[in-house]
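*Asks:* what's the 3D shape of this:
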Amino acid sequence: MNLYIDGRWVAAPDSAPVLDPATEEIIGMVPLAGADHLDQAVAAAVRGGRVWRDTPIADRTRILLTAAGLLTSRADQVARVMTTEQGKPLAEAKGEVLRVAGALRWDAEDARRAYGRIIPSAGDTVLSVRHEPIGPVAAFTPWNFPAGSPMRKIAGALSAGCSIVIKASEETPGTAVEIVRCFADAGLPAGALNLVFGDPATVSRHLIASPDIRLVAFTGSIPVGKLLASQAGAAMKPSLMELGGHAPVIVCADADPASAARAAVAAKFANAGQVCTSPSRFLVHRSVYDGFVAEFLSATAGIVVGNGLDDGVTMGPLANPRRLKAMEEFVADAVSRGATVETGGRRLDRPGFFFAPTVLTGVPGDALIMREEPFGPIAPITAFDDLDEALAIANSLPYGLAAYGFTRSSKTAEKLISGFEAGILSINHCGGSVHEAPSGGVKQSGYGREGGPEGLEAYLITKRVSHLLVD
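*Replies:* All right, here's what the predicted structure looks like:
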């Protein structure tokens, strides 16, 4: 495994181990970039960015679609790499690979529609608005979606005509390497895409400070996002921030509690709950509370926990031991405040970072898990009596990424839609991201959008041109 800089795979003298979270065994070594590697990557992005920007849009689209085709054809191979280093079940991993290939196709085609406009003006003047690539991008992505998070940045930047230096997670480097191979094999010009790994704080500080970097894109925690945004702001650079959430689920009195519970379980325990949009606070009307909890427990009992490479497994391990410790702390705190562990609540007695799917009931509002994003397989459920009360609880935190509501009333649905403070909202299902529509948060969950036509906007500048015609 190597860094990818200026169209070449480059070795680094320093490295760190990569673990299989299902076995705790070392499966490889990730190279760690030094300052010289980072400078080389930025210089390559400047040179390669000029070439890529000036490449005709039809040729850019062809190369990106070729890369998407290669990724699709290699989906089984890439999924196995992802499962081995991140832990999610193989079917989930392959689904992620295929989705990001689709996202790349969508962005590549949508870039052909980044239209400007001609504005009526004086007869001797042509007044126009044009959209142009912002320039070299520095991007930073986490470990929970080893294909999805990097591809959102890569696809957006390259489709808009920008070059990019991306620092993917050191815990899941293999997937990013496989993705970059697809672009290299598709004929992407050298320097347009550069992949580095390294100490997160050192790499981000170095890249953001570079005067040649024009945009900072980040997916990750709120504290780190605030730090990177402040560094970008100090250099007067725009940034795109997709940060954490703590998604509320409101199950109204007129909802079908059984179908709501089944949908919620499928979404809650996907990727072992390690999803920033994961439903993570369940507010259920008292009249349907018992039925919801019973069906939720029944569906949870059907989850098969194990090595993601094994047949039949539907939930893999947590990605690292840090998450195990956090889960134990959440459960202990909730129980100390009066919550009941209906199922799970413990680490599994086996090698690997496994934590049982956990359901807590009677969780008070002051419990840590009701205030902080768990990012793991714990579902806290509590009852409410009034919808306004539930919305107040849902909106009481400084997060605003995703929210979910269940009701059979169109009037109530509209109240939820207007009442939730969130950038992503699903009614009567727990929908995920789609290529053609934007995703992003409000409040401390970040700003900017990825996906849809809005997803390209961050990577473009708007230039007003007033052209006085002369003989």
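*Asks:* Give me the most central residue, this protein.
*Replies:* S149 (4.7 Å; Cα atoms, centre = their mean).
*Asks:* element containing that residue?
*Replies:* Element membership for S149, per DSSP states H and E: helix 148-160.
*Asks:* thinking the residue nearest to the centre of the chain is in contact with A155, fair?
*Replies:* No - here S149 does not reach A155: they are 11.2 Å apart, not a contact under Cβ atoms under 8 Å. Just so you know, the C-beta spots here come from the backbone N, C-alpha and C atoms, and that holds for glycine as well.
*Asks:* Next, show the common contact partners of these two.
*Replies:* Common contacts of S149 and A155 (Cβ atoms under 8 Å, 6 or more residues apart in numbering): none found.
*Asks:* Mind giving me the packing neighbours of whichever helix or strand comes after the helix holding S149?
*Replies:* Per DSSP H and E, the first helix or strand lying C-terminal to helix 148-160 is strand 164-167. Secondary-structure packing of strand 164-167 (3 or more Cβ pairs under 8 Å, 6 or more residues apart in numbering; DSSP states H and E): helix 35-54, strand 137-140, helix 148-160, strand 193-196, helix 200-209.
*Asks:* Now the element after strand 164-167, going C-ward?
*Replies:* Per DSSP H and E, the first helix or strand lying C-terminal to strand 164-167 is helix 173-186.
*Asks:* Mind checking the pLDDT average for the helix holding S149?
*Replies:* Average pLDDT, helix 148-160: 98.
*Asks:* which non-adjacent residue is nearest the residue nearest to the centre of the chain?
*Replies:* Excluding its sequence neighbours, the residue lying closest to S149 (Cβ to Cβ, 6 or more residues apart in numbering) is T141, at 3.8 Å.
*Asks:* For burial, what's the neighbour tally of the one you found?
*Replies:* 26 (other Cβ atoms under 10 Å).
*Asks:* got it, and L469?
*Replies:* Neighbour count for L469, taken as other Cβ under 10 Å: 9.
*Asks:* And K226, by the same measure?
*Replies:* By other Cβ under 10 Å, the residues close to K226 number 14.
*Asks:* The helix or strand containing it - contacts with which helices or strands?
*Replies:* Following DSSP H and E, one finds K226 within helix 222-234. Packing contacts for helix 222-234, counted by 3+ Cβ pairs under 8 Å, 6+ apart, involve helix 200-209, strand 215-219, strand 239-242.
*Asks:* The last one pairs with which strands, parallel or anti?
*Replies:* Using DSSP bridges, the strands paired with strand 239-242 in its sheet are strand 215-219 (parallel), strand 446-447 (antiparallel).
*Asks:* who touches the shortest one?
*Replies:* Residues outside strand 446-447 that contact it (Cβ under 8 Å, 6+ apart): 225, 240-243, 401, 440-441.
*Asks:* Distance from the chain centre to that strand, please.
*Replies:* When distances are taken as Cα atoms, centre = their mean, to the nearest Å, strand 446-447 is centred 13 Å away from the chain's centroid.
*Asks:* For whichever helix or strand comes after that strand, buried residues please.
*Replies:* Per DSSP H and E, the first helix or strand lying C-terminal to strand 446-447 is helix 454-457. Buried residues in helix 454-457, counted by 16 or more other Cβ atoms under 10 Å: 455-457.
*Asks:* Pull the residues that contact stretch 231-238.
*Replies:* Stretch 231-238 is contacted from outside by 134, 204-205, 208-209, 211, 213-216, 239, 458, using Cβ under 8 Å, 6+ apart.
*Asks:* quick one: which of those has the most company?
*Replies:* L215 (27 neighbours).
*Asks:* End to end on stretch 233-251, go ahead and measure it.
*Replies:* Start-to-end span of stretch 233-251 (Cα to Cα, to the nearest Å) is 40 Å.
*Asks:* Give me the buried positions along it.
*Replies:* The neighbour-count check on stretch 233-251 (16+ other Cβ under 10 Å) flags 237-251 as buried.
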